[in-house]
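Engineer: predicted model, plus sequence, below.
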Amino acid sequence: MERLENKKIVIYGDERYTRDFLYVFDKIKPDYVVDDKKSKYSEEWHALEKENQEQVFVIVCKFNERNAIKNLNSIGYKRNVNYASATTFFKELDFPVKGISEKRRIYVWGTGVNSYEFFQQYVEKNPDVEIVGCVDSDEKKQGNTFFGRSIYLPEEIIKSDKDAFFVIATKKNYWECKNTLLKFGKEEKKDFVFYLEINQYASSMMYKTVYDIPKVDYICNKVFSVLLSKPEGKTIICGGMNELPNTPLYYSEIGEVWHSNIMKVMRLSIINGTYSFCNPEGCSYIECCGKQEIDVNELCNSFRYSQEKIKCVSHKKANMKTKIFHIENYILHEDNFPTVFECGWDETCNLYCTSCRRCIHSAGIEKKRELSAFSNRIKHELILPYVKRLNVAGLGEAFASDIYKKIIFDKEIAEKVKNLGVLSNGELFTKKNCDKLISTWDTVSVFISMDGATKQTAEKLRRGIHFERWMENMKYIGEMRNEGKIKDFAFNFVVQRENYREMPDFVKICIGFHADHIKFGKIFNWGTYTDEEFEQITMFQKNGEMKKELAEVLNADIFKRPEVHLFEWINWEERYL
């Protein structure tokens, strides 16, 4: 941004491109905007002829910038002196390691598997970034080399090289390395950085979403308030979004992840309607976009946004950019911190469903210690001060994990957060556990996954479950729902070849349990099946159309009940308000 210092800034651009750019580069405050022709949004480009060229800098935000550059050149403006393409700013969204290497000497801290990964995936692909050496606390490694760089003791370099900059390339000893540098007065991001923060994701994501064609006339409000944490603290917004390349929460502050450039660009992709980073295979709503009317009731999120602020949403099945672009979208910004948080960092589960995993997974002693430390940190840095709704668990089983049970039965968390959503397979959701949750939390919503209406099918697909015990547990939760002690009771059924015929009976069973929602979803291939196996298992064609056998089953009147949701997206997070 140095080239903009003490300059009058003018944008020469298309309106959507300009608003995309300024949404992410929100510290840039242009004096005005010009375009090829005068409009309500912009002045005519000839206004630049009146400017003192030494005092002005033009940022070109045009999808086709050829004519704009021709016009600027015609009045004496020079590239990179008086103007530049917006794309040249995109790199500034990434960590500026190249700029640092030009002024300081960079050392990689660590010579293990993570350092090897860093050298292979980044250093060798970016020869213009100079790494002068490595540091390692293992004295036996001194005098050796790693990727051709000499290995030194950390304190030796910290004390002797005042211009040293450190890239911490070890996960196992990250906090130890960080604390050592802090002890010597070094500042994070100024004097050292974690290696996963050195990437080119934000800039490439920005390029992708700006130049994508908007296709979804809808605002998904999850991006402004919801965060899901997966193993190692990796983050997503929902199951319908690809994993974000942010630095995992294990190695970063929550605020830095939540307000990162990567998150900014990802939110832009919702605002501009491109949904560039959402996975249509994991989100029934996005997959059906353009084929159905938009249900305005699903997006209101009215506890934060007035109806005026979300009037940008229409009921049109639009696929044209001109119909999807809405100026009003760009006033939407994230909360200071996530207010809805989903715990999904422990894979421990009592079942091994055919669609999910090959065997039962349980965290070992060392892993539990690691997960417990992370949970305690998340509790005090995020859950207690900011979260209004807690969901457990997006991965694994809430009642099989000691880590999750410690969270959901924590009275301090319950008194502060008040609203709990439990995602469970139901096998361990006993009367005792149900009563304990009800007595601990103000409101409890229950979301149960089950893929069969008979003992034979249920126990085949959800291996490890006891159908009679499950039915008994559901009956009691249903009674609590009927008495108003459970706020919401919902079921999710993953439709596949083995169970689609049982869908009508499953609806009847759930109605008997006083279910509020009965959702049927597509089976997805999480790497469990080969392509050939999945083609036989799924009840949908590759083009998204359901197979004839499934369509025939769905003709039954029972699927017209209001509780039933057939292959459509439901915003569980908003239901607690």
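Structural biologist: All right, it came through fine.

Engineer: residue 267 contacts residue 225, correct?
Structural biologist: No. At 11.0 Å, residue 267 does not count as touching residue 225 under the criterion of Cβ atoms under 8 Å. The way it works is simple: take the backbone N, C-alpha and C, and place the C-beta from them, glycine included.

Engineer: anything in contact with each of the two?
Structural biologist: residue 334 (Cβ atoms under 8 Å, 6 or more residues apart in numbering).

Engineer: check this structure for its longest helix and report it.
Structural biologist: The single longest helix within the chain, with elements called by DSSP state H, is helix 467-482.

Engineer: distance between it and the chain's centre?
Structural biologist: Here helix 467-482 is found 33 Å from its chain centre; the criterion is Cα atoms, centre = their mean, to the nearest Å.

Engineer: any idea which helix or strand comes after it?
Structural biologist: Using DSSP states H and E, the helix or strand that follows helix 467-482 in sequence is strand 488-495.

Engineer: which helices and strands does that following strand pack with?
Structural biologist: strand 443-449, helix 467-482, helix 503-512, strand 517-522 (3 or more Cβ pairs under 8 Å, 6 or more residues apart in numbering; DSSP states H and E).

Engineer: and these as CSV, adding mean neighbour count?
Structural biologist: Below are those laid out as CSV (neighbours: other Cβ atoms under 10 Å):
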stretch, mean neighbour count
strand 443-449, 22
helix 467-482, 18
helix 503-512, 18
strand 517-522, 21
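
Engineer: got TSV for these, with distance to residue 426 and mean pLDDT too?
Structural biologist: Below are these laid out as TSV (distance: least, Cβ to Cβ, whole Å; pLDDT from 0 to 100):
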stretch	distance to residue 426	mean pLDDT
strand 443-449	5	95
helix 467-482	5	98
helix 503-512	12	98
strand 517-522	14	91
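
Engineer: residue 217: which of the ones you listed is closest?
Structural biologist: Nearest of the helices and strands packed on strand 488-495 to residue 217, taken as Cβ to Cβ: strand 517-522 at 23.0 Å.

Engineer: rewinding a little: same for the longest helix of the chain, what does it pack against?
Structural biologist: Using 3+ Cβ pairs under 8 Å, 6+ apart, the elements in contact with helix 467-482 are helix 431-440, strand 443-449, helix 455-461, strand 488-495.

Engineer: who wins for proximity to residue 64 among these?
Structural biologist: Closest of those to residue 64 is strand 488-495, at 45.1 Å (criterion: Cβ to Cβ).

Engineer: can you verify my assumption that residue 212 contacts residue 270?
Structural biologist: No. The criterion here is Cβ under 8 Å, and residue 212 misses it with residue 270 at 11.9 Å.

Engineer: those two - which one has more neighbours?
Structural biologist: Each of residue 212 and residue 270 has its neighbours counted (other Cβ atoms under 10 Å); residue 270 has more, 25 against 16.

Engineer: before we move on, the earlier item: what's the angle between the longest helix of the chain and helix 503-512?
Structural biologist: With axes from the mean of the first three to the mean of the last three Cα atoms, to 10 degrees as the basis, helix 467-482 and helix 503-512 are set at 50 degrees to each other.

Engineer: on that earlier part again, mind putting the helices and strands packed on strand 488-495 into a markdown table with distance to residue 405?
Structural biologist: Output for the helices and strands packed on strand 488-495, formatted as a markdown table (distance: least, Cβ to Cβ, whole Å):
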| stretch | distance to residue 405 |
| --- | --- |
| strand 443-449 | 15 |
| helix 467-482 | 16 |
| helix 503-512 | 26 |
| strand 517-522 | 25 |
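
Engineer: so which of those is nearest residue 437?
Structural biologist: Across those, residue 437 has its closest neighbour in strand 443-449 (5.1 Å, Cβ to Cβ).

Engineer: so for the protein, the centremost residue is which one?
Structural biologist: With distances taken as Cα atoms, centre = their mean, residue 236 lies nearest the centre of the chain, 2.5 Å away.

Engineer: for the helices and strands packed on strand 488-495, which one sits closest to residue 61?
Structural biologist: Smallest distance to residue 61 across those (Cβ to Cβ): 38.9 Å, for strand 517-522.

Engineer: list the beta-bridge partners for residue 58.
Structural biologist: For residue 58, the beta-bridge partners under DSSP bridges are residue 10, residue 83.

Engineer: read off the pLDDT value for it.
Structural biologist: If you check residue 58, the pLDDT there is 97.

Engineer: could you do residue 140 as well?
Structural biologist: 93.

Engineer: to residue 60, which of the helices and strands packed on strand 488-495 lies closest?
Structural biologist: With Cβ to Cβ as the criterion, residue 60 lies closest to strand 517-522 of those, at 43.3 Å.

Engineer: I'd like to know how many residues surround residue 385.
Structural biologist: Close neighbours of residue 385, defined as other Cβ under 10 Å, add up to 11.
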